[in-house]
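Chemist: I would like the atomic coordinates for the input below:
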Amino acid sequence: MLDRLGTFLVEVSDTRRGRILLVLAIAAIASVVEYLLHLAVVAYIPHVGMGRILNSLTIGIVIAIITTIEIKAVQQRRHKVMEDMRVVRELNHHVRNALQAISYAARVPETKQQVAIIDESIARIDSTLKNLFPTIDKP
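Modeler: Numbers count the residues shown, from 1 in each chain. Coordinates of the predicted model:
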């Protein structure tokens, strides 16, 4: 459940408007929890000092939970960025190697071997793109 909530927070906080609404929602939730807790403490705990300690402790726990959720969301975003960078790095490696072979093949006299090198390089680029970026509607 924490993963789904973290994913939701990542998606919501991608836009400026989403971040503002998220901060306002967290503030509203914390305010409501604090108000309800204050009412409960006043009604059920006659000792003022103990009520304040319980109130502070509960607010600390609520903030710790919210912080944990936010940290999870940041970790998920960081993991996604690192995965995207790995895909780009792999794409760069494969495409550059294939383009280098095409470049060399273009500088030699046209032969069947040259055409084979170009065809193989094009197939390698195509295969890499299909593996790294699979399409939804495959033929």
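Chemist: does the residue lying farthest from the centre of the chain count as helix, strand or coil?
Modeler: For the chain, the residue at maximal distance from the C-alpha centroid (Cα atoms, centre = their mean) is P109, at 49.3 Å. On the three-state scheme (DSSP: H, G, I helix; E, B strand; the rest coil), P109 is labelled coil.
Chemist: Report pLDDT for it.
Modeler: P109 carries a pLDDT value of 75.
Chemist: now R17
Modeler: On the pLDDT scale, R17 is placed at 90.
Chemist: Could you give the backbone dihedrals for it?
Modeler: phi -60, psi -40 (degrees, to the nearest 10).
Chemist: now swap in L54 and tell me
Modeler: When read as degrees, to the nearest 10, the backbone of L54 gives phi -60, psi -40.
Chemist: Tell me where the chain is predicted with low confidence.
Modeler: For the chain, the stretches flagged by pLDDT under 70 are 1-3, 6, 48, 135-139.
Chemist: switch to 90 and redo it
Modeler: Confidence mapping of the chain against pLDDT under 90 gives the ranges 1-16, 18-139.
Chemist: That one: strands as residue ranges?
Modeler: For the chain, strands defined by DSSP state E do not occur.
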